[in-house]
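Novice: Sequence isn't available, so here's the structure alone:
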């Protein structure tokens with residue numbers, strides 16, 4: 001088919017000039033179809049040979065045929081269809097083509113099984129159907145990602161501005177520490193001469209933010225497709241960016257590190273304010289240890305896979321930003337992170353604009369807030385207040401542990417003293433903090449809990465876990481508990497339920513400097529990036 005095209009082109013140009021002009025207009029599509037058709041002939045011929053003549057199981061034979069056609073397709077698409085004769089990017093293109101090929105191979109085998117075994121379609125017809133679907137999706141990737149050519153004049157002079165692509169898992173209107181952190185950077189870094197774009201997983205837009213700066217990958221699809229789309233979008237945006245700034249080692253770290261593999265000169269920076277692997281392990285029952293002891297214990301198969309991904313991403317990163325010295329030491333000790341690659345940037349305190357009216361303190365009401373998951377350790381707090389009859393608890397949040405916590409509350413006969421509320425906006429949460437006599441963060445591990453910073457900013461007594469990045473920093477200012485010791489939690493609540501102790505503790509909290517804001521956060525990032 002490839003040779004037929006070349007001969008017919010001259011013929012039509014001389015005999016049918018108007019028809020030839022129409023062909024020229026859509027020649028890239030025609031070339032793609034011819035190249036794909038050539039590869040399809042190779043694919044179907046090989047499939048027939050392997051299945052009918054060699055007697056190989058059709059699913060395996062379709063995979064072998066697909067691989068053979070894959071190499072034919074790459075050569076035709078690169079050098080003929082898209083006229084990309086350059087050799088300088090061929091290695092990167094082969095890497096990317098391999099990723100697309102593996103994805104297509106998986107989808108090809110799964111599609112063959114579905115159509116042939118489940119729907120009874122003849123295997124040759126099934127291959128034609130699947131090939132057409134994969135051919136269309138592949139054209140989009142080849143045309144706009146792998147063999148993309150920049151038009152003359154498209155590149156702009158950058159001047160002194162550095163371009164930062166921030167890759168994050170959540171972004172407003174989603175609520176969470178990383179979302180607030182990145183929103184602050186998006187607002188402040190441009191004031192210091194940076195161009196910023198954000199890529200995130202999201203299904204809703206924030207009307208208050210310039211939408212041209214935000215690139216969203218829908219969560220309404222399985223994780224495989226989400227990661228592939230995230231990877232492809234980052235790959236495309238990496239042509240614009242000087243630095244890709246990721247905010248975890250899994251959902252953003254893995255796809256961005258694969259882009260770094262294709263583009264070694266791209267600067268890759270990661271900020272770590274949590275530990276996805278430990279959180280998953282604890283919530284799944286793979287460990288009962290806090291983060292400080294978790295990496296010492298043997299790992300199961302799934303943990304080993306995640307750990308390999310962690311190490312891959314950390315190795316690809318040029319620099320690693322931690323929010324606390326505590327987590328930095330853990331990673332340097334157990335994950336062998338190079339100290340020369342690490343730095344610490346403290347989180348900013350939240351900035352509230354609260355109503356002028358005062359908030360009355362409820363009668364011995366404790367506030368527990370956050371995503372309702374096992375590691376938050378709320379169940380032990382319920383046990384601790386069982387015999388403290390004047391203590392009440394308000395639980396704010398959503399999560400998989402909510403029903404279990406309600407059941408525990410009923411079993412302990414505390415349902416009249418424990419109330420559950422759905423998640424609320426950050427400004428509303430500030431009001432709930434002010435109304436409470438005490439806020440508790442008893443988690444098995446918290447690295448740099450934003451709720452603690454909120455309480456310090458609002459001058460509200462806070463008790464948090466010893467397994468925390470703030471333990472050394474605020475050892476003489478805050479009250480900490482052993483998250484595994486119910487009696488310790490009970491003693492601290494009892495201690496602060498006395499007015500004199502409560503007032504003295506409040507004075508200590510007011511003595512903490514809570515002036516660090518998002519402007520300071522942006523300035524620290526500016527100093528970091530200009531030396532990168």
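Specialist: Received the coordinates, thanks. Nothing here was measured: the structure is a model prediction, and the numbers come from that model.
Novice: contacting residues around residue 93?
Specialist: Contact analysis of residue 93 by CB atoms under 8 Å, 6 or more residues apart in numbering lists 78, 84, 146, 147. Heads up, the C-betas are built off the backbone N, CA and C, glycines and all.
Novice: ah, wrong one, I meant residue 491
Specialist: With CB under 8 Å, 6+ apart, residue 491 has no contacts at all.
Novice: From the chain's centroid, how far away is the host helix or strand of it?
Specialist: With secondary structure defined by DSSP states H and E, residue 491 is part of helix 486-496. Computed by CA atoms, centre = their mean, to the nearest Å, the chain-centroid distance of helix 486-496 equals 37 Å.
Novice: Pull out the buried positions in the next helix or strand after it.
Specialist: For helix 486-496, the following helix or strand on the C-terminal side (DSSP H and E) is helix 499-510. Going by neighbour count (16 or more other CB atoms under 10 Å), the buried part of helix 499-510 is 505, 509.
Novice: How are the helices of the stretch 401-532 of the chain distributed by residue range?
Specialist: Secondary structure of the stretch 401-532 of the chain, counting by DSSP state H, counting those that start in this stretch: helices at 402-411, 426-435, 450-457, 486-496, 499-510, 518-530.
Novice: Select, out of these, the one closest to residue 254.
Specialist: Set against residue 254 and scored by CB to CB, the helices of the stretch 401-532 of the chain come closest in helix 518-530, at 23.0 Å.
Novice: got the buried residues for the closest one?
Specialist: 518, 521, 522, 524, 525, 526, 529.
Novice: Likewise for stretch 417-436?
Specialist: Applying 16+ other CB under 10 Å to stretch 417-436 flags 417, 418, 420, 429, 430, 431, 432, 433, 434, 436 as buried.
Novice: What is the end-to-end distance of that stretch?
Specialist: Here the two ends of stretch 417-436 are set 14 Å apart, with distance taken as CA to CA, to the nearest Å.
Novice: Run the chain-centre distance for that stretch.
Specialist: Distance, centroid of stretch 417-436 to centroid of chain: 27 Å (CA atoms, centre = their mean).
Novice: same question, stretch 80-98
Specialist: Counting by CA atoms, centre = their mean, stretch 80-98 comes out at 29 Å from the chain centroid.
Novice: Same question for stretch 515-528.
Specialist: Centre-to-centre, stretch 515-528 and its host chain are 23 Å apart (CA atoms, centre = their mean).
Novice: and what of stretch 507-518?
Specialist: Relative to its chain's centre, stretch 507-518 lies at 31 Å (CA atoms, centre = their mean).
Novice: From one end of it to the other, what's the distance?
Specialist: 25 Å.
Novice: what is the rounded mean pLDDT of it?
Specialist: For stretch 507-518, mean pLDDT rounds to 94.
Novice: Contacts made by it with the rest, please.
Specialist: So stretch 507-518 is contacted by 184-185, 187-188, 346, 348-349, 351, 453, 455-457, 459-462, 474, 477-478 (CB under 8 Å, 6+ apart).
Novice: For the closest residue to residue 521 other than its chain neighbours, give me phi and psi.
Specialist: Of all residues not flanking residue 521 in the chain, residue 348 sits nearest, at 4.2 Å (CB to CB, 6 or more residues apart in numbering). Main-chain torsions, residue 348, degrees, to the nearest 10: phi -90, psi 150.
Novice: thought residue 348 was touching residue 523?
Specialist: No - Residue 348 lies out of contact with residue 523 (CB atoms under 8 Å); the separation is 10.5 Å.
Novice: which one of the buried residues of stretch 417-436 is nearest residue 374?
Specialist: Nearest to residue 374 among the buried residues of stretch 417-436, with distances taken as CB to CB, is residue 420, at 16.4 Å.
Novice: beta partners for the closest one?
Specialist: residue 395 (DSSP bridges).
Novice: do you know how far residue 383 is from residue 365?
Specialist: 18 Å (CB to CB, to the nearest Å).
Novice: Would you show me how to pick out the buried ones of the contacts of stretch 507-518 in PyMOL?
Specialist: Restricted to buried positions by 16+ other CB under 10 Å, the PyMOL selection for these reads:
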select buried, resi 184+185+188+346+348+349+453+455+456+457+460+461+462+474+478
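Novice: pLDDT below threshold where in the stretch 301-450 of the chain?
Specialist: Low-confidence segments of the stretch 301-450 of the chain, defined by pLDDT under 70: 353-362.
Novice: Apply 80 and report the result again.
Specialist: Low-confidence segments of the stretch 301-450 of the chain (pLDDT under 80): 352-363, 423-427.
Novice: how about the strands of it, start to end?
Specialist: 319-322, 342-344, 365-369, 392-396, 418-421, 438-441 (DSSP state E, counting those that start in this stretch).
Novice: Is it possible to get JSON lines of those that adds distance to residue 283?
Specialist: Converted to JSON lines, the strands of the stretch 301-450 of the chain look like this (distance: least, CB to CB, whole Å):
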{"stretch": "strand 319-322", "distance to residue 283": "23"}
{"stretch": "strand 342-344", "distance to residue 283": "27"}
{"stretch": "strand 365-369", "distance to residue 283": "17"}
{"stretch": "strand 392-396", "distance to residue 283": "18"}
{"stretch": "strand 418-421", "distance to residue 283": "19"}
{"stretch": "strand 438-441", "distance to residue 283": "17"}
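Novice: Great, nothing more from me.
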